[in-house]
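with the input below, show me the fold.
(chains A and B)
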Amino acid sequence: MTTDTTTSVSLDVRDVHLAFGPNRVLRGVDLTVPRGATACVIGPSGSGKSTLLRTINRLIEPDRGDVLLDGRSVLGDDPDALRQRVGMVFQQFNLFPHMSVLRNVTLALRRLRKLGEDEAEMVARAQLELVGLAGKANSRPAQLSGGQQQRVAIARALALRPEVMLFDEATSALDPELVKGVLGVMADLSAAGMTMVVVTHEMGFARQVADTVAFMDRGVVLEAGPPEAIFERAEHPRLRRFLDQVL
Amino acid sequence: MDPLSTLWETFFDVDAMREALPEMLTVGLPNTLILAVSAALLGSVLGLLLAVAGISRSRWLRWPARVYTDVFRGLPAAATILLIGVGLAPLGMQVWGPDPYPLGILALSLIAAAYIGEIFRSGIQSVEAAQLEGARALGFSWTEAMRLVIIPQGIRRVLPAWVNQLIALIKDSSLVYFLGLVASQRELFRIGQDYAATTGNESALLLAGLFYLALTVPLTHFVNWIDGRLRNGRPATASADEDDDTATAPYAATKGDRR
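Numbering: from 1, shown residues only, chains lettered A, B, ... in the order given. Purely as a prediction, here's the structure:
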């Protein structure tokens, strides 16, 4: 499988607060993801889901609260080193359009992991093969479909052997027929034992793959639990309303 | 003689052109190229530094870049060349002697840098914030992300404007004649002008003009070609294969099916 399961770690988000001026985006978020587990974060737009992901790898620094990997706070760490441990996949892929697919994957391997060119290419090609895109190594991202681009983005993040993976609405920008392929990669990764936080609108995926589903609304996790509990026995009325609308 | 043939002979006297041609080729053209290419290199490097300073988060880098750009873009090129070429001449005399070229190149570079800096800055700022976020998420520092991801994309987007500036530079290189050139230092324009002054016939100057066009027009077309190629990528190696996307389990389970 893709990941050495022993490398993934547990993730704890504790009472994270964040405000942009008067706009309190996160108002005390807690989230626990055991080692190797997958947490899906669902909720309406603007509830703070994407911002929460960005506080985990500190693309945005939280105002208050703590983020722990393997029980140890990461807020005192060098953020660049932290981000090499925490892979992230974006809604719009964020591939580098001026580089080939292969170089998108090798760039961080060579510059950050200091691998030689041959070794970096070997790792990258193996990773591309695992997402089914070995034949596209020399293409430019713009020559690929959205689904293929997102799988390259996943390969790019996985090549660094992260201990946690964050997915920010990874399939929201894709044509419907391309969604399945990307979700398949994510499901396999979850099954391989990667610790994952998946912000998604794909309720079917959350139901099948997640160990925990967290429902966020207005900057807090209103309800969290195993998928059956969330989807079958939702307690909070806001969650029930939300599920009524999306299911 | 009728006015039309007078006009013709003033500008298209083949003998006058033929007389000026050897010196244009052996002296004027190399000198123009030395001035323009050196100033283009130095001006582009300085321009890139200005662009990065201009978008820096530190005001101590931003403000000097702003002031520099305003000053050197706002002064007439001739004034800058005279100010630097004459003003710094005593200093230059001690460092490299009476040759006016180093100061001429410096002045041309400083002017070009002000424009090129603005061109590069607009290109760099046009790169989507998501690109920076994507690079930072991989663990690159801000500086590395700028150098490896943002700046290369930004500069590609403004290559045509950058070449416009190089074309202006080729033409502006004629202004170093203000600094007083000995015969072997004259560039295309000065040689044309000298022939025109001694013969009273403008044909040599027209020939100089043709040399400038021979430099600038291919440059424009060359950059358009580069631009198109960067925009569309090299001819596609393979077309996007949609089959890859509709598969449900693209991991190890189906690895064997894939190319």
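
strands of chain A, residue ranges please.
All strands of chain A, identified by DSSP state E, fall at A:11-20, A:23-33, A:38-42, A:64-69, A:72-73, A:86-89, A:164-168, A:195-199, A:212-217, A:220-225.

looking at chain B, what residue ends up closest to chain A?
Using C-beta to the nearest C-beta, the closest approach of chain B to chain A is made by B:G134 at 3.0 Å. The C-beta positions use only the backbone N, C-alpha and C, and glycine is treated the same way.

list the residues that contact that residue.
Counting by C-beta atoms under 8 Å, 6 or more residues apart in numbering or on different chains, B:G134 touches A:90, A:93-96, B:149.

buried sites along stretch A:189-199?
The neighbour-count check on stretch A:189-199 (16 or more other C-beta atoms under 10 Å in any protein chain shown) flags A:189-190, A:192-199 as buried.

go through chain A and flag its longest helix.
Determined from DSSP state H, the single longest helix within chain A is helix A:176-191.

kindly export that helix (C-alpha atoms) in PDB.
The C-alpha trace of helix A:176-191 is given here as PDB (Å, rounded to 0.1, in the frame of the first residue of the first chain):
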ATOM      1  CA  PRO A 176     -19.300  14.400 -11.100                       C
ATOM      2  CA  GLU A 177     -17.900  11.500 -13.100                       C
ATOM      3  CA  LEU A 178     -14.400  12.300 -11.900                       C
ATOM      4  CA  VAL A 179     -15.300  12.300  -8.200                       C
ATOM      5  CA  LYS A 180     -15.300   8.600  -7.700                       C
ATOM      6  CA  GLY A 181     -11.700   8.100  -8.700                       C
ATOM      7  CA  VAL A 182     -10.400  10.600  -6.200                       C
ATOM      8  CA  LEU A 183     -12.600   9.300  -3.400                       C
ATOM      9  CA  GLY A 184     -11.300   5.900  -4.200                       C
ATOM     10  CA  VAL A 185      -7.700   7.000  -3.700                       C
ATOM     11  CA  MET A 186      -8.700   8.600  -0.400                       C
ATOM     12  CA  ALA A 187     -10.600   5.500   0.800                       C
ATOM     13  CA  ASP A 188      -7.600   3.300   0.000                       C
ATOM     14  CA  LEU A 189      -5.400   5.700   1.900                       C
ATOM     15  CA  SER A 190      -7.700   5.600   4.900                       C
ATOM     16  CA  ALA A 191      -7.800   1.800   4.700                       C
END
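
and that helix, what's its mean pLDDT?
The pLDDT scores in helix A:176-191 average 95.

what packs against that helix?
Contacts defined by 3 or more C-beta pairs under 8 Å, 6 or more residues apart in numbering or on different chains; DSSP states H and E place helix A:176-191 against helix A:146-158, strand A:195-199, helix A:203-209, helix B:243-246.

so which bits of it are buried?
Quick answer for helix A:176-191 (16+ other C-beta under 10 Å): A:178-190.

so how far is A:E223 from the spatially closest residue to A:A224 that is not a sequence neighbour?
The shortest distance from A:A224 to any non-neighbouring residue, by C-beta to C-beta, 6 or more residues apart in numbering or on different chains, is to A:A214 (4.1 Å). As judged by C-beta to C-beta, to the nearest Å, A:A214 and A:E223 stand 8 Å apart.

same check, this time on B:G139
Look at B:G139 and A:E223: by C-beta to C-beta, they are 34 Å apart.

also B:L29?
B:L29 is 78 Å from A:E223, by C-beta to C-beta.

again, but for A:L247
Distance, A:L247 to A:E223, by C-beta to C-beta: 15 Å.

what about these two, which has more around it?
Using other C-beta atoms under 10 Å in any protein chain shown as the criterion, A:L247 and A:E223 rank with A:E223 on top: 18 against 9.

now do the same contact list for that one.
A:214-215, A:230, A:234-236, A:239.

can you check A:T55 too?
The contact partners of A:T55, taken as C-beta under 8 Å, 6+ apart, are A:13, A:16, A:18, A:26, A:61-62, A:67.

which residues of chain A score low on pLDDT?
Residues of chain A that meet the criterion pLDDT under 70 lie in A:1-6.

tell me the residue of it that sits nearest chain B?
Closest approach of chain A to chain B (C-beta to the nearest C-beta) occurs at A:N94, with a separation of 3.0 Å.

what's the neighbour count on residue 145?
The chain I'm using is chain A. Counted with other C-beta under 10 Å, the neighbours of A:S145 add up to 18.

let me rephrase: I mean chain B.
B:A145 is flanked by 21 other residues according to other C-beta under 10 Å.

so A:S73 is in contact with A:P62, correct?
No: applying C-beta atoms under 8 Å, one finds A:S73 not in contact with A:P62, separated by 11.4 Å.

so between these two, which is more surrounded?
More crowded of A:S73 and A:P62, by other C-beta under 10 Å: A:P62, with 23 against 12.

let me know whether the more buried one touches A:D15 as I believe.
No: counting by C-beta under 8 Å, A:P62 does not reach A:D15; the two are 9.3 Å apart.

B:G117 and B:G43 touch, don't they?
No: B:G117 is beyond contact range of B:G43, at 9.0 Å (criterion: C-beta under 8 Å).

ok, A:A214 to B:T216 distance?
According to C-beta to C-beta, A:A214 stands 62 Å off from B:T216.

helices or strands up against the helix or strand B:V163 falls within?
Element membership for B:V163 (DSSP states H and E) is helix B:159-172. Counting contacts by 3+ C-beta pairs under 8 Å, 6+ apart, helix B:159-172 is packed against helix B:29-54, helix B:101-125, helix B:203-232.

out of the ones you listed, flag the one nearest B:A20.
Nearest of the helices and strands packed on helix B:159-172 to B:A20, taken as C-beta to C-beta: helix B:203-232 at 3.8 Å.

tell me the average confidence for the closest one?
88.

neighbours of B:T143, how many?
9.

residues contacting the residue nearest the centre of chain B?
Centroid check for chain B by C-alpha atoms, centre = their mean gives B:L166 as the closest residue, at 2.6 Å. Contacts for B:L166 (C-beta under 8 Å, 6+ apart) come out as B:36, B:40, B:112, B:219.

go again with 10 Å.
Going by C-beta atoms under 10 Å, 6 or more residues apart in numbering or on different chains, B:L166 touches B:36-37, B:39-40, B:43-44, B:112, B:116, B:215-216, B:219-220, B:223.

looking at the residues you listed, which is nearest A:D77?
B:S44 (38.4 Å).

does the residue of chain A closest to chain B touch A:L59 like I think?
No: in this structure A:N94 lies outside contact range of A:L59 using C-beta atoms under 10 Å: 11.4 Å.

can you list residues touching both of these two?
Contacts common to A:N94 and A:L59, judged by C-beta under 10 Å, 6+ apart, are A:88, B:132-133, B:136-137.

among those, which two are most distant?
Spatially, the most separated pair among those is A:M88 and B:L132, at 13.1 Å (C-beta to C-beta).

shared neighbours of the two, anything?
A:59, A:94.

which one of those two has more residues nearby?
Between A:M88 and B:L132, counted using other C-beta under 10 Å, A:M88 has the larger neighbour count: 26 against 18.

which strand residues bridge the more buried one?
Here A:M88 sits in beta bridges with A:L166, as judged by DSSP bridges.

report the buried residues of stretch B:209-229.
Neighbour-count burial for stretch B:209-229 [16+ other C-beta under 10 Å]: B:211-212, B:215-216, B:223, B:227.
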